[in-house]
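Engineer: Coordinates for the following, if possible.
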Amino acid sequence: MSGFAVLLGAKPKDRGSETAHVPPQVSDLHCFTETEGVVTTTMMDLPGYRIVRVLGTVYGISVRSRNAAASLGMALKSLAGGELSWFTSMLYSCRNDSVARAVDECKRRGGNAIICLRFDAGDMGGFAQTAAYGTACVVEKLGGR
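Structural biologist: Residues are numbered from 1 along each chain as shown. Okay, here's the model as predicted:
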């Protein structure tokens with residue numbers, strides 16, 4: 001399912017709180033992760049890679065509604081202080097879906113990397129929304145390895 005093209009109503013496969021796989025050859029860098037074959041980074045470049053082609057900005061947007069019971073429980077818990085774990089979990093899921101949609105859009109355009117990946121989150125009258133956006137690129141590893 002492609003990122004921005006799905007817009008409203010469509011939902012990528014459920015990824016829950018699953019984390020992205022970090023390939024062994026890049027795990028020592030800790031600067032980017034690989035998501036379904038697409039390298040993502042918040043950096044403006046990828047160490048050890050050359051940007052071959054820039055494919056433009058890709059977006060992934062996800063919106064979640066809060067159910068009334070959870071909202072009441074969160075309101076009560078907020079009085080006592082502490083983490084609102086249900087809300088935290090929902091935001092992680094929302095963010096992961098946003099990244100997945102941006103990755104799907106990158107792949108649809110023929111890219112294998114998203115650089116300058118950024119996130120935005122907000123509340124829209126009882127709905128939580130997140131957006132992931134960045135620059136889709138085609139990159140190749142330097143040195144041919």
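
Engineer: Relative to residue 57, how far out is residue 42?
Structural biologist: Separation of residue 42 from residue 57 (Cβ to Cβ, to the nearest Å) stands at 15 Å. Glycine gets a C-beta too; all of them are placed from N, C-alpha and C.

Engineer: Same check on residue 143?
Structural biologist: Taking Cβ to Cβ, one finds residue 143 at 29 Å from residue 57.

Engineer: the more surrounded of the two?
Structural biologist: Shown here are residue 143 and residue 57; by other Cβ atoms under 10 Å, residue 57 has more neighbours (14 against 7).

Engineer: residue contacts, the closest residue to residue 55 other than its chain neighbours?
Structural biologist: With Cβ to Cβ, 6 or more residues apart in numbering as the criterion, residue 55 has its nearest non-adjacent residue at 4.0 Å, and that residue is residue 136. Residues in contact with residue 136, defined by Cβ atoms under 8 Å, 6 or more residues apart in numbering, are 54-58, 105-106, 109, 111, 113-114.

Engineer: Can you show me the helices along this structure?
Structural biologist: For the chain, the helices defined by DSSP state H occupy 3-6, 68-80, 85-108.

Engineer: Pick out the shakiest of those, pLDDT-wise.
Structural biologist: Of all these, mean pLDDT reaches its minimum on helix 3-6 (a mean of 32).
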